[in-house]
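1. Sharing a sequence plus its predicted fold:
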Amino acid sequence: LINMSRQTFIITIIILTSLIVGGVIFYFFFYKTPETGAPKVSVGTLFPFGQNSNNNTNTDPTSNNTNNNNETTENGNNEIEIQKLRILWDKPIIASTSFNRIENIETTSQESEVTQTNEITKTVIRFIERSNGHIHDIYSDKADVTDVTNTTIPRIQEAYFANNGNNIILRYIGTNERTIETYNASIGTTKNQYGLYDISGYFLEKDISEITVSPSGDKIFYLYPFGDATIGIYDNIAGTNKKQILSSTFSEWLPQFASETEIVMTTKASGYATGYSYILNTSEPNVLKKILGDMTALTTQPIDNGNYVLFSKIRGTTPSIFIYNSESREEESLGISGIPSKCTWSEVKQSAFCAIPKSIPSGVYPDDWYQGKMFFTDSIWQVIPGSNTLYLVSDLTKESGVEIDAINIGVSPDGNYIHFINKRDGLLWGLQI
């Protein structure tokens, strides 16, 4: 009995010692948060929204540049030459926008040794990663990417930039796996302890089916179900001027701002159904004025402040693109096939820039393309309304060696830079034009 008691005592001491040592190791290596640097993990605190997480190898909080040398080369002077067409980010993204940023550049004359400060306008492309919701900036003429936010936002399904890139409308499935949540986030103006910006905002109504942002980026229109009706809300981006301008028993609408005060309401397209399109004026609630109708697989894209509408309908077996003149109420074929949502408008160039497929595989359109059953291989074309002339801007495959199905197309304020997502892999591309 004495030997057994002694043996039990020794075993107890060993177990207690192991627990103490294990606890110390766990505290210092797994639990304790460093006094400097960002937290090791991102923990959801506001629905799916996480705390700031710093997963970059760069540990200097005052310098948040990530080298992204895809599609760049060095010349004989060891200077990086930016390619005309290049990948801007090598991970899938969900949305992008572009805006101007004014920089002060100091130059010193060698003769007079006088330093002058000159203002230079630069094009910035801002984008949001699909996997974690981190926001980044890249200049159109540089290779380095700058981190803007590192708040982790998982499970994003859609995102739309607004307010010159300072607001992001984020859409995702809620934690109950049923509810559609829509969060209007704004990027802060003051950097946090990691040298980045925090985001804050507010939730819109639950189960919003569609949302669109005005050309200026400071107004939104969205649809959500209420009883047996679909309600349409027109509001500013700050959420301080909400107005109901639509109550409809029909729910399958796709709204698109034509101008700051007019919204094109098109029935959702299918190759198995005819479609219709109407104009909803924000000052005339519930008044829908028909502009197009009785067209199989109708899809639309308003351009030039609503003066024209690009639209496609099935001709034969493929979607053919037409242009509708809002003043004359006449339509004309552009002689090309494709889907108008792959177009964007440049006010400066007074042109639309469209990703046009080189060929259209057989299928049901636009259903098969929307569902990812097939992909296009695109070129970028410039479309000038009025004269309805087209010019080839870039054969994307020929210039890159990659098959590109361009979506979410945007153009810089000066009309000289196009950015888009390759639907095949979600990567962000930029094209100098």
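-> Structure's in. What do you need? Numbers count the residues shown, from 1 in each chain.
2. so where's the stretch 1-150 of the chain shaky on pLDDT?
-> Applying pLDDT under 70 to the stretch 1-150 of the chain flags residues 1-80, 109-110, 112.
3. buried sites along stretch 201-215?
-> Under the neighbour-count criterion of 16 or more other Cβ atoms under 10 Å, stretch 201-215 has Gly201, Leu204, Ile208, Ser209, Glu210, Ile211, Thr212, Val213, Ser214 buried. C-beta: built from backbone N, CA, C; applies to glycine.
4. Surely the third one is within a strand?
-> Right, the one you point to is Ile208. No: when classified by DSSP: H, G, I helix; E, B strand; the rest coil, Ile208 is found to be coil rather than part of a strand.
5. from here on, count from 255
-> Shifting the count to begin at 255 puts that one at Ile462.
6. That one contacts Thr433, doesn't it?
-> No: the pair Ile462 / Thr433 is not scored as a contact, 10.4 Å apart, by Cβ atoms under 8 Å.
7. could you dump stretch 639-654 to PDB, C-alpha only?
-> Provided in PDB are the C-alpha atoms of stretch 639-654 (Å, rounded to 0.1, in the frame of the first residue of the first chain):
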ATOM      1  CA  PRO A 639     -23.700  56.600 -80.100                       C
ATOM      2  CA  GLY A 640     -25.400  58.900 -82.600                       C
ATOM      3  CA  SER A 641     -23.200  57.700 -85.500                       C
ATOM      4  CA  ASN A 642     -23.300  54.200 -84.100                       C
ATOM      5  CA  THR A 643     -19.800  53.500 -85.200                       C
ATOM      6  CA  LEU A 644     -17.500  50.900 -83.600                       C
ATOM      7  CA  TYR A 645     -13.700  50.800 -83.200                       C
ATOM      8  CA  LEU A 646     -11.600  47.900 -82.000                       C
ATOM      9  CA  VAL A 647      -9.600  48.900 -78.900                       C
ATOM     10  CA  SER A 648      -8.000  45.700 -77.800                       C
ATOM     11  CA  ASP A 649      -7.900  42.000 -78.800                       C
ATOM     12  CA  LEU A 650      -7.500  40.900 -75.200                       C
ATOM     13  CA  THR A 651      -6.500  37.300 -76.000                       C
ATOM     14  CA  LYS A 652      -4.000  38.400 -78.700                       C
ATOM     15  CA  GLU A 653      -2.400  41.000 -76.400                       C
ATOM     16  CA  SER A 654      -2.300  38.900 -73.200                       C
END
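8. contact partners of that stretch?
-> Stretch 639-654 is contacted from outside by 338-339, 557-558, 561-562, 577, 579, 586, 588-590, 604-607, 609, 612, 631-638, 656-658, 660, 672, 683, 685, 687, using Cβ atoms under 8 Å, 6 or more residues apart in numbering.
9. Show me how to select, in ChimeraX, the buried members of these.
-> Command for ChimeraX that selects the buried part of those, burial taken from 16+ other Cβ under 10 Å:
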select :339,557,558,562,577,588,590,605,606,607,609,631,632,633,634,635,636,637,658,660,672,683,685,687
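10. could you pull out the strands for the stretch 555-687 of the chain?
-> 562-569, 572-579, 584-591, 597-600, 605-611, 632-638, 643-648, 660-665, 671-676, 682-686 (DSSP state E, counting those that start in this stretch).
11. Serialize the ones you listed to a markdown table and add fields for distance to Asp621 and mean pLDDT.
-> Formatted as a markdown table, these follow (distance: least, Cβ to Cβ, whole Å; pLDDT from 0 to 100):
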| stretch | distance to Asp621 | mean pLDDT |
| --- | --- | --- |
| strand 562-569 | 11 | 97 |
| strand 572-579 | 11 | 97 |
| strand 584-591 | 16 | 96 |
| strand 597-600 | 20 | 98 |
| strand 605-611 | 16 | 98 |
| strand 632-638 | 19 | 98 |
| strand 643-648 | 26 | 97 |
| strand 660-665 | 16 | 98 |
| strand 671-676 | 20 | 98 |
| strand 682-686 | 26 | 98 |
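12. Save these as CSV, and put in distance to Ser501 too.
-> Formatted as CSV, the strands of the stretch 555-687 of the chain follow (distance: least, Cβ to Cβ, whole Å):
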stretch, distance to Ser501
strand 562-569, 24
strand 572-579, 27
strand 584-591, 30
strand 597-600, 30
strand 605-611, 33
strand 632-638, 36
strand 643-648, 40
strand 660-665, 30
strand 671-676, 34
strand 682-686, 39
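13. out of the ones you listed, which comes closest to Ala492?
-> Minimum separation from Ala492 across those (Cβ to Cβ) falls at strand 660-665, 23.0 Å.
14. So what angle separates the directions of that closest one and strand 682-686?
-> 40 degrees (axes from the mean of the first three to the mean of the last three Cα atoms, to 10 degrees).
15. what about Leu424, distance to Thr436?
-> From Leu424 across to Thr436, the span is 7 Å (Cβ to Cβ, to the nearest Å).
16. Gly669 now?
-> Distance, Gly669 to Thr436, using Cβ to Cβ: 31 Å.
17. Ala413 now?
-> Distance of Ala413 to Thr436, computed by Cβ to Cβ: 10 Å.
18. Compare the two (neighbour count), which wins?
-> Ala413 (24 against 21; other Cβ atoms under 10 Å).
19. ok, how many other residues are close to Glu365?
-> A count of neighbours around Glu365, defined by other Cβ under 10 Å, yields 5.
20. same check, this time on the one 5 residues further on
-> Summarising burial for Gln370: neighbours were counted as other Cβ under 10 Å, giving 10.
21. re earlier: please produce a markdown table containing the buried residues of stretch 455-469, extended by pLDDT and distance to Gln447.
-> Formatted as a markdown table, these follow (pLDDT from 0 to 100; distance: Cβ to Cβ, whole Å):
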| residue | pLDDT | distance to Gln447 |
| --- | --- | --- |
| Gly455 | 95 | 21 |
| Leu458 | 97 | 30 |
| Ile462 | 98 | 34 |
| Ser463 | 97 | 39 |
| Glu464 | 98 | 38 |
| Ile465 | 98 | 33 |
| Thr466 | 98 | 36 |
| Val467 | 98 | 32 |
| Ser468 | 97 | 35 |
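22. I'd like these laid out as a markdown table, including distance to Ser505.
-> Output for these, formatted as a markdown table (distance: Cβ to Cβ, whole Å):
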| residue | distance to Ser505 |
| --- | --- |
| Gly455 | 27 |
| Leu458 | 17 |
| Ile462 | 12 |
| Ser463 | 7 |
| Glu464 | 10 |
| Ile465 | 15 |
| Thr466 | 16 |
| Val467 | 21 |
| Ser468 | 23 |
